[in-house]
Every structure is written in structure tokens, then in C-alpha cells.
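Visitor: Generate a structure from the sequence data that follows.
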Amino acid sequence: MHSGLPTQPVRRRLSLHIVLTVNKAWNIWNFRQPLVEALLADGHRVTVLAPHDETVANLTALGAEFVDLPMNARSLGPAQNLALVGQFRRAFARLAPDVVLSFTIKNNLFGALAARRMGIPFVPNVTGLGTIFLGSRPLFLLGQALYRFALGKSPVVFVQNEDDRDFLVDNRILRAEQLRLLPGSGIDTQRFAPSPLPSRDEGIRFLMISRLLRDKGIVEYLEAARALKTSHPQVRAQLLGPLGSDNRTAIGQEDLQAYLDDGSVEYLGQTPDVRPFIEEAHCVVLPSYREGAPRSLIEAASMGRPLIATDAPGCRAVVDDGASGFLCAVKSSDALATSIGRMADLTPDAMQEMGDRGREKMVSTYSVEHVVDAYRKVIAELTVRA
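Guide: As a prediction, this is how the structure comes out:
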């Protein structure tokens, strides 16, 4: 259980039916479990509406209900997306929620369209603007139109960093008064507790925790690791995360293999619990092109690890350059290698001080209590009974 939750729930006269929708049930279990627990503790009925996966049993064991939502998270086909709006309408009609909390792009956009026509309060969380705004001009214009049409009338839209908020306002996609900042999904700072940096006897371990996607900077990380083999032989570049993602920017085993063969990188596979790997690392790295609130950096900072990340939206909100870590240029393996080398050249005490500063920021700004309180507040605002 997540002992970092607020101990005093908001008092309500009425219990509500709250639906959480997302493109993978796994997302709720891994990132929203404290929110589910808090809503249940407040006496609400909670239903997760998402594609079925192996985490459903965990969610129902908490006390949540589950309804399967078959969907293709990748498809851009208009027919499939229109059909998804119909699926949401049928599900909402059957569930009769008092409010819907949504995460991930398709659930946000097409769930919002369905809920608006049915008069159901709907709260989307834009967890990152992602590929649709990083790609070609036509894709950008499509994303702009979709977000404006689907979310333009939403009273509240959560975003996870100031860059995304400013982007949405400056491009006249959403209005400033709609947008509220959240520190990601929040971090349980007791579960992700600090630990001292490990010994350097077997090298200085730099760990990237991510799906193996080009947009996450995986190619730059691999190239930087190869470049550092000569200049900083004490550096051990490690990689933790799933291969074989269905994302369009994913790299495959064949792309990774050459770096494994020459010893540039150690691939650690994937895990349901990153904490033991963070404990064994000296620094956590994420050279992403754009993030909402990067979970791997937040978890690592909570555990007292210094960070290296790109000077990109989302990343720069978490990393205080020169204080809790280093920021480097986006899409530059040379800049990334330089930052990793700078970190490796620090004394253990200097690295530990950076980790300590990151931990302080996570406790003061990114703890899960802030997220739970923000959701409680908006639920109360949107479900006021006469």
C-alpha cells in the first residue's frame, strides 16, 4: 500500500462513481495506484475503463471495478477513431459515471467527445504532447485541430509541465484558464526512498530507464556510450526497458546488438520494479526529445540519484542544471557524452550532494499527495450538488 497518501480525505455528503480511462490498465496500476486508493478511501466507487491486461487482477484486488475497452492505441484511421467515440458513449451510458478522469491521447480526445455530448464531467490529463507534435507539419496541424476540437470546451485540462501549458496556449489550442499544472502522476517518496550511492569499485554506472524509442533519445545514448569507452573507461552505460515496442519510433534488437557486441552498453532487460536497479546506479539518464513529467527521472531523484537529461520540455522541469544534475542539448550524442563525462569526473561527495538536492525537490514538489489533492479539488468542483 502507498503510505504516503494524504491521511485526511475530503469530506463528502455523497459517494460518486468515478471512471478512470487509459489505453492500458497497466498504466493505472503502475502510475495511478495511489489515486485509485485515495478515491476508494474517500468512499467513491471507482471503475477502470481500459484494455484488459495482466494488471487487472491487481486493480480489482484494491477494490476497483474493471470494464474492458478494446482499442488500438496506434491507429490513426478515422473510421477506427470514430468507432472508438461510439465505444466510449456506450460504456459511459452503461456505467453512468459522475465524473471521468482520463489519461493518454486517444482516451483524452475521443473520450472527451463522447462525454461532452452526454453531459458527463470529463477531466483529461495531457501527460505529454508526444509524437503528434514532434513530427511533420501536417501531423502537427492534425494534432492541433484534434486537441482544439476535442478539449476546447473542457473546463479543466491537467498538464504536467509549464512548457506544455505554454505551447498549448501560444498555439491557440487551449485557453490558459482551462489548464492546471500537475507534477506528473506524483511519486510515493516513502516507497522510492533515498539510499547512499554505491561503491565505484566496479565502475560508475549510468542507467537509462525507458522504452527503446528514438524519441526518448536512445540512439544518442548508445552513441554517447560508445564515445565514452575511450575517454572514460570507468563509465558503465546501462539500459533498462522493454524491447519490441509497437511505437513507430522504436528500435529493434538488431539496432541494439552492435552496441552490446562491442561492450558500449549493458542491456538489463525489463522489470516491474525499477528500485533495485536505481539503487545500483550512480546516475540516471534520459536524453528524451520531449516529456510530460518523466517518471524515470522523478523516481531516481526521489531515491537520491543525480540526473542527466536533455534541456527539453518536461526534463528541465525535473532537473535543476548544476544543482541536481546536468542538462544537455537535445538530439546531440556529443553533448550527452560531455555531460556523462562531467558527472563521472565529480567526486562521490559532489554526486551525493546533487542526489540530495533532487530528493528535496521531489518531496517538496512532486510527491503524490499534491496530485491526489488536485484531483480531489477538481472532482469536488465538477460534481457540486444543488
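
Visitor: And for Arg90, the neighbour number?
Guide: Neighbourhood size, Arg90 [other CB atoms under 10 Å]: 11. Just so you know, the C-beta spots here come from the backbone N, C-alpha and C atoms, and that holds for glycine as well.

Visitor: show me the contacts for it.
Guide: Listed by CB atoms under 8 Å, 6 or more residues apart in numbering, Arg90 has no contact partners.

Visitor: Which pLDDT value does the model give it?
Guide: Note on Arg90: pLDDT of 97.

Visitor: Please, which helix or strand holds it?
Guide: Using DSSP states H and E, Arg90 sits in helix 78-95.

Visitor: which other helices and strands contact the very next helix or strand once past that helix?
Guide: Following helix 78-95 in sequence order, the next helix or strand is strand 99-103 (DSSP H and E). Judged by 3 or more CB pairs under 8 Å, 6 or more residues apart in numbering; DSSP states H and E, strand 99-103 is in contact with strand 17-21, helix 105-118, strand 122-126, helix 368-382.

Visitor: run the last query once more with 6 Å
Guide: Applying 3 or more CB pairs under 6 Å, 6 or more residues apart in numbering; DSSP states H and E, one finds that strand 99-103 contacts strand 17-21, helix 105-118, strand 122-126.

Visitor: Throw the ones you listed into a markdown table and include mean pLDDT and distance to Leu222, thanks.
Guide: Compiled in a markdown table, the helices and strands packed on strand 99-103 are given as follows (pLDDT from 0 to 100; distance: least, CB to CB, whole Å):
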| stretch | mean pLDDT | distance to Leu222 |
| --- | --- | --- |
| strand 17-21 | 98 | 35 |
| helix 105-118 | 94 | 27 |
| strand 122-126 | 96 | 30 |
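
Visitor: closest to Arg137 out of the ones you listed?
Guide: helix 105-118 (18.9 Å; CB to CB).

Visitor: list the buried ones in the closest one?
Guide: Of the residues in helix 105-118, 105-116 count as buried by neighbour count, 16 or more other CB atoms under 10 Å.

Visitor: That one to strand 99-103, inter-axis angle?
Guide: 160 degrees (axes from the mean of the first three to the mean of the last three CA atoms, to 10 degrees).

Visitor: roughly how far is helix 105-118 from the heart of the chain?
Guide: Relative to its chain's centre, helix 105-118 lies at 21 Å (CA atoms, centre = their mean, to the nearest Å).

Visitor: Against which helices or strands is it packed?
Guide: In this structure, helix 105-118 makes packing contacts with helix 78-95, strand 99-103, strand 122-126, helix 137-151, judged by 3+ CB pairs under 6 Å, 6+ apart.

Visitor: mind running it again at 10 Å?
Guide: When contacts are defined as 3 or more CB pairs under 10 Å, 6 or more residues apart in numbering; DSSP states H and E, helix 105-118 packs onto strand 17-21, strand 45-50, helix 78-95, strand 99-103, strand 122-126, helix 130-134, helix 137-151, strand 157-159.

Visitor: Just the endpoints, please. Distance across stretch 20-30?
Guide: The first and final residues of stretch 20-30 sit 14 Å from each other (CA to CA, to the nearest Å).

Visitor: For Leu59, pull up the helix or strand it's in.
Guide: With DSSP H and E as the test, Leu59 turns up in helix 56-62.

Visitor: Could I get the average pLDDT for the helix or strand just after that helix?
Guide: On the C-terminal side of helix 56-62, the nearest following helix or strand under DSSP H and E is strand 65-68. For strand 65-68, mean pLDDT rounds to 98.

Visitor: Okay, now the unreliable bits of the protein?
Guide: Under the criterion pLDDT under 70, the flagged ranges of the chain are 1-13, 73-79, 130-131, 134-135, 245-246, 385-386.

Visitor: Give me the secondary structure label for Leu327.
Guide: Here Leu327 is strand, with the state taken from DSSP: H, G, I helix; E, B strand; the rest coil.

Visitor: okay but it is in contact with Leu297, surely?
Guide: No: using CB atoms under 10 Å, Leu327 is not in contact with Leu297; the gap is 11.2 Å.

Visitor: where do the contact lists of the two overlap?
Guide: Shared contacts of Leu327 and Leu297 (CB atoms under 10 Å, 6 or more residues apart in numbering): 307-309, 315, 319.

Visitor: And the furthest pair within these?
Guide: Ile308 and Cys315 (9.6 Å).

Visitor: Need the overlap of contacts for these two.
Guide: Going by CB under 10 Å, 6+ apart, residues that sit against Ile308 and also against Cys315 are 286-287, 297, 325, 327-328.

Visitor: Which elements pack onto the helix holding Leu59?
Guide: helix 25-31, helix 33-41, strand 45-50, strand 65-68.

Visitor: correct me, but Leu213 touches Asn247?
Guide: Yes: judged on CB under 10 Å, Leu213 makes contact with Asn247 at a distance of 5.4 Å.

Visitor: Straight-line length of stretch 289-297, end to end?
Guide: For stretch 289-297, the end-to-end distance is 14 Å (CA to CA).

Visitor: so where do the helices sit in the stretch 151-300 of the chain?
Guide: Assigned by DSSP state H, counting those that start in this stretch, the helices in the stretch 151-300 of the chain fall at 162-170, 218-231, 253-261, 275-280, 295-302.

Visitor: most packed of those helices?
Guide: Across the helices of the stretch 151-300 of the chain, averaging neighbours per residue (mean count of other CB atoms under 10 Å) puts helix 295-302 on top, at a mean of 26.

Visitor: which residue packs closest to Leu139, ignoring adjacent ones?
Guide: Nearest non-adjacent residue to Leu139, counting by CB to CB, 6 or more residues apart in numbering: Ile132, 5.8 Å away.
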